[in-house]
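*Asks:* only geometry, no sequence info:
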């Protein structure tokens with residue numbers, strides 16, 4: 001053990017520095033003293049909302065270049081007041097995970113393999129199918145001639161990771177399209 005000194009034991013440092021409680025500099029190792037927080041080296045700090053549940057805890061996202069280096073609770077958030085649950089605190093893993101899929105994948109009916117699509121093509125496919133289902137299953141009136149103006153070909157099941165604002169907009173979209181089967185995972 002080269003470089004080891006009896007004077008550097010935490011108990012000895014505690015008496016030598018006057019740190020009687022042992023919660024200050026006496027118990028801090030040289031390695032810890034040399035470490036800088038990753039939030040200091042960040043290029044940019046952005047405010048965000050935790051993506052995991054519908055609570056909507058505020059986050060401060062520290063990034064360096066295009067990589068997220070740290071996520072902390074936003075003390076200015078009236079919802080979470082600077083606190084995050086363990087999942088929210090570990091949300092850097094969402095963007096930094098090497099297994100994260102960053103491209104649109106599509107598997108055609110009865111196909112074995114997935115194929116990559118550009119986002120514009122995928123969005124056009126979704127819009128075309130949405131409009132076709134609405135058109136094919138549209139019910140304008142019931143058997144007594146009463147107006148229905150609805151479609152039974154479209155349904156929506158929202159997730160609990162969406163916040164209230166997103167669920168509100170989804171509800172408005174599907175209601176405007178004539179869908180009546182609109183539900184949310186948080187209510188089921």
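*Replies:* Looks like it came in fine. Everything quoted here is computed from the prediction, not taken from an experiment.

*Asks:* alpha carbons only for contacts and neighbour counts from here, please
*Replies:* OK.

*Asks:* and the next helix or strand past the helix or strand encompassing residue 165?
*Replies:* Using DSSP states H and E, residue 165 sits within helix 164-176. Moving toward the C-terminus from helix 164-176, the next helix or strand (DSSP H and E) is strand 179-184.

*Asks:* check contacts around residue 94.
*Replies:* The contact partners of residue 94, by C-alpha atoms under 8 Å, 6 or more residues apart in numbering, come to residue 100.

*Asks:* try 10 Å
*Replies:* Remark: with contacts taken as C-alpha atoms under 10 Å, 6 or more residues apart in numbering, residue 94 is in contact with 51, 68, 100.

*Asks:* and for stretch 26-33, what's in contact with it?
*Replies:* Outside stretch 26-33, the residues within contact range by C-alpha under 10 Å, 6+ apart are 8-22, 25.

*Asks:* of the residues you listed, which belong to helices?
*Replies:* Those of the contacts of stretch 26-33 mapping onto helices are 10-17, per DSSP state H.

*Asks:* show me which of the residues you listed are buried.
*Replies:* The neighbour-count test (16 or more other C-alpha atoms under 10 Å) marks 10, 13-14 as buried among those.

*Asks:* and the helix holding residue 165, how far out from the chain middle?
*Replies:* 19 Å (C-alpha atoms, centre = their mean, to the nearest Å).
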